[in-house]
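Asks: make a model of this:
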Amino acid sequence: MKTKALIALASLASLTAMPASADTQAASMATAPESLYVRYSGSLLMIPVANISINAVWPDQTYSATATFQSGGLLAWFDDTNIEAGVSGYVREEGLDPWRYQHLNHASGKGRVVAVNFVDGMAVPDINPPFGSMGDPAATDEERTGAMDPISGILNMMLSAPLTANGEPCSGRVPIFDGRARYNLRLENGGMDSVNTRAWSGEALVCRAYVEPISGYETGDRPSEEDTRRPVVMWLAPQGDIWVPVRYRANTRIGNLTISATHLQVGARPE
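Replies: Next comes the predicted model:
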């Protein structure tokens, strides 16, 4: 898997959603804060390689969020990336219900907007200009039904740490669709561990995420068996009623990638 894809997985493109599936059931949602802002810095072999941010608000029974990812330093030699993504949707009792997601890579030079509309529970791609290929094979309607976009997945995880029927946090499988690729994240509980970042320090829930590719990959882009054996490890910090990822770590082919929170601000709702 490309280094950029691993970073995306560990940041705005691949954290967990919370729709019910064969392995998970929707947990009760915590009360959303008024706002949330997290800024991250990524490093590879101790060299800064990326800046990432997530900004979300929950007005009334709706939500909207933006996320950015910009590569730099060593990573720019491998894959120059400057992604801006956004999503809007509704807050339901059982979880977030996205309406539209889209992202644009300003560094690609193609000006392609990759969007996903959510219609009756199905993620429907809206790509302009279209991809030359939606993958071999492309994701089917059935595979896209019940999947969520990456940003809504991040926020849903924060509002309800993933719970299975037996109440164990961070377990089961989560369906993700990013506009072309359809994959599951298989979650594995790693227990509690201390973490120290510039934004937050303390005891956090360790959650390992393994990619299980389903469809929507072009030849050469599908994660290899070796890639799927390497988890992205997340440290989730308790912030009142919600859980916020403050560190991600992945073992890539060119070294250990670490993404840590440098700024964390959770806005309180008025009494």
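Asks: which strands and helices sit next to the lengthiest helix in the chain?
Replies: Assignment by DSSP state H gives helix 150-159 as the longest helix of the chain. Packing partners of helix 150-159 (3 or more CB pairs under 8 Å, 6 or more residues apart in numbering; DSSP states H and E): strand 47-57, strand 62-71, strand 82-92, strand 95-105, strand 172-177, strand 242-252. C-beta: built from backbone N, CA, C; applies to glycine.
Asks: export these as CSV, with columns for mean pLDDT.
Replies: Shown next, in CSV, are those (pLDDT from 0 to 100):
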stretch, mean pLDDT
strand 47-57, 83
strand 62-71, 88
strand 82-92, 91
strand 95-105, 91
strand 172-177, 83
strand 242-252, 87
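Asks: quick one: closest of those to residue 149.
Replies: Evaluated with CB to CB, these place strand 95-105 nearest to residue 149, the distance being 3.6 Å.
Asks: for the closest one, buried residues please.
Replies: The neighbour-count check on strand 95-105 (16 or more other CB atoms under 10 Å) flags 95-99, 101-105 as buried.
Asks: just the angle for that strand relative to helix 150-159, thanks.
Replies: Calculated by axes from the mean of the first three to the mean of the last three CA atoms, to 10 degrees, strand 95-105 forms an angle of 140 degrees with helix 150-159.
Asks: what residues does strand 95-105 touch?
Replies: Identification of contacts with strand 95-105 by CB atoms under 8 Å, 6 or more residues apart in numbering yields 18-19, 26, 29, 63, 81-91, 111-118, 126, 148-152, 155-156, 159-160, 179.
Asks: re earlier: what's the most buried one of the helices and strands packed on helix 150-159?
Replies: Comparing these by mean neighbour count (mean count of other CB atoms under 10 Å), strand 172-177 ranks first with a mean of 24.
Asks: next structured bit after that strand?
Replies: strand 182-196 (DSSP states H and E).
Asks: mind giving me the packing neighbours of that next one?
Replies: Judged by 3+ CB pairs under 8 Å, 6+ apart, the packing partners of strand 182-196 are strand 172-177, strand 201-215, strand 232-239.
Asks: gap between the two ends of stretch 173-186?
Replies: Stretch 173-186 has an end-to-end distance of 4 Å (CA to CA, to the nearest Å).
Asks: now that stretch: how far from the chain's centre is it?
Replies: Computed by CA atoms, centre = their mean, to the nearest Å, the chain-centroid distance of stretch 173-186 equals 10 Å.
Asks: again with stretch 211-223
Replies: Stretch 211-223 sits 17 Å away from the centroid of its parent chain (CA atoms, centre = their mean).
Asks: next: stretch 32-41.
Replies: Worked out by CA atoms, centre = their mean, stretch 32-41 lies 14 Å from the chain centre.
Asks: about what we covered before: quick one, which of the helices and strands packed on strand 182-196 is packed in tightest?
Replies: On a mean-neighbour basis (criterion: mean count of other CB under 10 Å), the most buried of those is strand 172-177, at a mean of 24.
Asks: please tell me how far residue 190 sits from residue 42.
Replies: 21 Å (CB to CB, to the nearest Å).
Asks: more crowded one of the two?
Replies: residue 42 (25 against 16; other CB atoms under 10 Å).
Asks: surely the more buried one and residue 261 touch.
Replies: No - contact status for residue 42 versus residue 261: not in contact, 11.0 Å apart, counting by CB atoms under 8 Å.
Asks: report the contact partners of the nearest residue to residue 66 once chain neighbours are set aside.
Replies: Nearest residue to residue 66, sequence neighbours excluded (CB to CB, 6 or more residues apart in numbering): residue 86, at 4.7 Å. Shown in contact with residue 86 (CB under 8 Å, 6+ apart): 64-67, 101-103, 151.
Asks: from the chain's centroid, how far away is stretch 82-97?
Replies: So, by CA atoms, centre = their mean, the centroid of stretch 82-97 is 11 Å from its chain's centroid.
Asks: mind saving the C-alpha coords of it as CSV?
Replies: Extracted as CSV, the C-alpha positions of stretch 82-97 are listed here (Å, rounded to 0.1, in the frame of the first residue of the first chain):
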residue,chain,number,x,y,z
ASN,A,82,-2.9,18.4,-0.4
ILE,A,83,-6.4,17.1,0.3
GLU,A,84,-9.4,19.1,1.6
ALA,A,85,-12.5,17.1,2.5
GLY,A,86,-15.9,17.9,3.9
VAL,A,87,-19.1,16.2,5.0
SER,A,88,-22.6,17.2,6.2
GLY,A,89,-25.4,15.1,7.6
TYR,A,90,-27.9,14.5,10.3
VAL,A,91,-27.6,13.3,13.9
ARG,A,92,-29.8,10.3,14.6
GLU,A,93,-30.3,8.5,17.9
GLU,A,94,-28.4,5.5,16.6
GLY,A,95,-25.5,7.5,15.1
LEU,A,96,-24.5,10.0,12.4
ASP,A,97,-26.4,9.8,9.1
